[in-house]
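Asker: pasted the sequence and its predicted model underneath.
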Amino acid sequence: MKKNIVALAVASAIAAPVAMADAPTVYGQINMAAEQYDVKDANGDKDKLNSGSQVNSRASRIGIKGATDLGNGLKAVYKAEFEVQIDGSSTLKNRNQYVGLAGGFGTVLMGRHDTPFKMIQPKDLFNDSKLADLKPMAGGLGVLSKGGEVRTSNVLAYVSPSFGGVKLIGAFVPKEATGDADKESSFGDTMSFAAMYGSKKKGLYLAAAYNMWSKDKLGEDANELRVSAQYTIAGLVANLMYQDFSGDALKDTQEEGQNYQANVGYKIGNFMPKVKVSQVSRGASDYDDSTNYALGLDYSLGKKTKVYAEYAYLEHQGLSENYGKEREANAFSIGMLHKF
């Protein structure tokens, strides 16, 4: 509670009118959904623990960001963003938070930030849905605790200027203190690289990313590849994403495999119907393949406000019992998103 009060006080103070240059911007969004889940176990019986009605906050957030001109083409840039659990009394969760320098050379930052692997995902059309967003777990690949689909702490990152529409991004994360004198910390413990072309807002967008997790970081090596493509024109948004998770740290686990996703939405007036298909092929024979479908309809109430209705279905195929007892899930959601 104390953290919430302090955060709100800081945000209020910043939001007050100030007669100074380079004032920070307060921003955020509130995304709430009333949802009905129907989850079945491996025997086809209803999982009463995870089924039923819920009211959920979907990545609601508040943050401050800004840039200060230092002269000679150099700027100090900063951001402090927090996830807010609007549906309960949980404390704030850290999102992207950093300080850095920007200039003709690009941008260098330190703090907590999405990996480049995470950054290149195309537009999420399903409003941070638990079963229908772009995360591999929504595609049935499992919770990738070792995966690059993360927002990592202790990061040193670089974003290049645009070279003919192409930007290069690199992030380095030391493991820091390990308690093991034989494992020296270095900035090569975790590395993530990406190349991005175009914009997610209009026209053609293409991107690829690669993660390398060291043996000292995870106990074994792990490698992750992601390729994204999106085309946006008029009211159409269509995107594809391919992901491959491999390496000794993931071998013969539910975290090894490939994920294919396709999303399409088309805006007609204030309405946007949308659809998603996702397929997971697991590398380990003891774990099931998975299929994920989603349908939805957004209705815009203004530039910063919309309501939506969504349906998502997730099925773990095959007969393996090693994956876990949840084998089929349906979710119907009605929600509202407002940005400020």
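Answerer: Everything's here; your move.

Asker: CA atoms for contacts and neighbours, from now on please.
Answerer: Noted.

Asker: now do the helix or strand where Tyr293 lies: which elements does it pack against?
Answerer: Assigned by DSSP states H and E, Tyr293 belongs to strand 290-300. For strand 290-300, the packing partners by 3 or more C-alpha pairs under 8 Å, 6 or more residues apart in numbering; DSSP states H and E come out as strand 271-282, strand 305-316.

Asker: any chance of a markdown table for these, columns mean pLDDT and distance to Ile30?
Answerer: As requested, these are exported to a markdown table (pLDDT from 0 to 100; distance: least, C-alpha to C-alpha, whole Å):
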| stretch | mean pLDDT | distance to Ile30 |
| --- | --- | --- |
| strand 271-282 | 91 | 20 |
| strand 305-316 | 93 | 10 |
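
Asker: so Lys118 sits in a helix?
Answerer: Yes - counting by DSSP: H, G, I helix; E, B strand; the rest coil, Lys118 falls inside a helix.

Asker: would you mind listing the buried residues in stretch 158-173?
Answerer: Using 16 or more other C-alpha atoms under 10 Å as the test for burial, stretch 158-173 gives 158-161, 167-173.

Asker: how about those, which pair is most distant?
Answerer: Taking C-alpha to C-alpha as the measure, the buried residues of stretch 158-173 span a maximum distance of 21.8 Å, between Pro161 and Val173.

Asker: which residues sit against stretch 69-83?
Answerer: Residues from elsewhere that reach stretch 69-83 (C-alpha atoms under 8 Å, 6 or more residues apart in numbering): 22, 59-68, 92-104.

Asker: around Ser53, how many other residues sit close by?
Answerer: Ser53 is flanked by 14 other residues according to other C-alpha atoms under 10 Å.

Asker: beta-bridge partners for it, please?
Answerer: Taking DSSP bridges, one obtains Gln36 as the residues bridged to Ser53.

Asker: re the thing from before, okay, angle between the strand holding Tyr293 and strand 271-282 too, please.
Answerer: Between strand 290-300 and strand 271-282, the angle comes out at 160 degrees (axes from the mean of the first three to the mean of the last three C-alpha atoms, to 10 degrees).

Asker: neighbouring strands - and their directions - for strand 290-300?
Answerer: strand 271-282 (antiparallel), strand 305-316 (antiparallel).

Asker: dump the ones you listed to CSV, plus distance to Phe245 and mean neighbour count.
Answerer: Shown next, in CSV, are these (distance: least, C-alpha to C-alpha, whole Å; neighbours: other C-alpha atoms under 10 Å):
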stretch, distance to Phe245, mean neighbour count
strand 271-282, 9, 21
strand 305-316, 18, 21
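
Asker: if we can go back for a sec, in TSV, list the helices and strands packed on strand 290-300 along with distance to Ile120.
Answerer: Shown next, in TSV, are those (distance: least, C-alpha to C-alpha, whole Å):
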stretch	distance to Ile120
strand 271-282	17
strand 305-316	24
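
Asker: and those: which comes nearest Ser228?
Answerer: Of all these, strand 271-282 sits nearest to Ser228, with 13.7 Å by C-alpha to C-alpha.

Asker: roughly how far does the nearest residue to Arg58 once chain neighbours are set aside sit from Leu109?
Answerer: Of all residues not flanking Arg58 in the chain, Asn31 sits nearest, at 5.3 Å (C-alpha to C-alpha, 6 or more residues apart in numbering). As judged by C-alpha to C-alpha, to the nearest Å, Asn31 and Leu109 stand 28 Å apart.

Asker: between those two, tell me which one has more neighbours.
Answerer: Asn31 (24 against 21).

Asker: now the stretch 51-200 of the chain, which segments are flagged as low pLDDT?
Answerer: 136-148, 175-188 (pLDDT under 70).

Asker: again, only using 80
Answerer: Residues of the stretch 51-200 of the chain that meet the criterion pLDDT under 80 lie in 89-91, 134-150, 175-189.

Asker: could I get the full set of strands for it?
Answerer: Using DSSP state E, counting those that start in this stretch, the strands assigned to the stretch 51-200 of the chain run over residues 52-57, 61-71, 74-83, 93-103, 106-114, 151-159, 166-173, 190-198.

Asker: chain center to the second one: distance?
Answerer: A distance of 22 Å separates the C-alpha centroid of strand 61-71 from that of its chain, computed with C-alpha atoms, centre = their mean, to the nearest Å.

Asker: what residues of it count as buried?
Answerer: For strand 61-71, a neighbour-count test (16+ other C-alpha under 10 Å) marks 61-68 as buried.

Asker: report the angle between it and strand 74-83.
Answerer: 170 degrees.

Asker: need the contact list for the closest residue in space to Phe172 that isn't next to it in sequence.
Answerer: Counting by C-alpha to C-alpha, 6+ apart, Phe172 lies nearest to Met191, which is 4.8 Å off, once chain neighbours are set aside. When contacts are counted by C-alpha under 8 Å, 6+ apart, Met191 touches 170-173, 211-213.

Asker: possible to save the residues you listed as TSV with distance to Thr152?
Answerer: Output for those, formatted as TSV (distance: C-alpha to C-alpha, whole Å):
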residue	distance to Thr152
Gly170	13
Ala171	10
Phe172	10
Val173	8
Asn211	13
Met212	14
Trp213	13
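
Asker: on that earlier part again, would you confirm that the residue nearest to Arg58 contacts Ala59?
Answerer: Yes - using C-alpha atoms under 8 Å, Asn31 is in contact with Ala59, at 6.8 Å.
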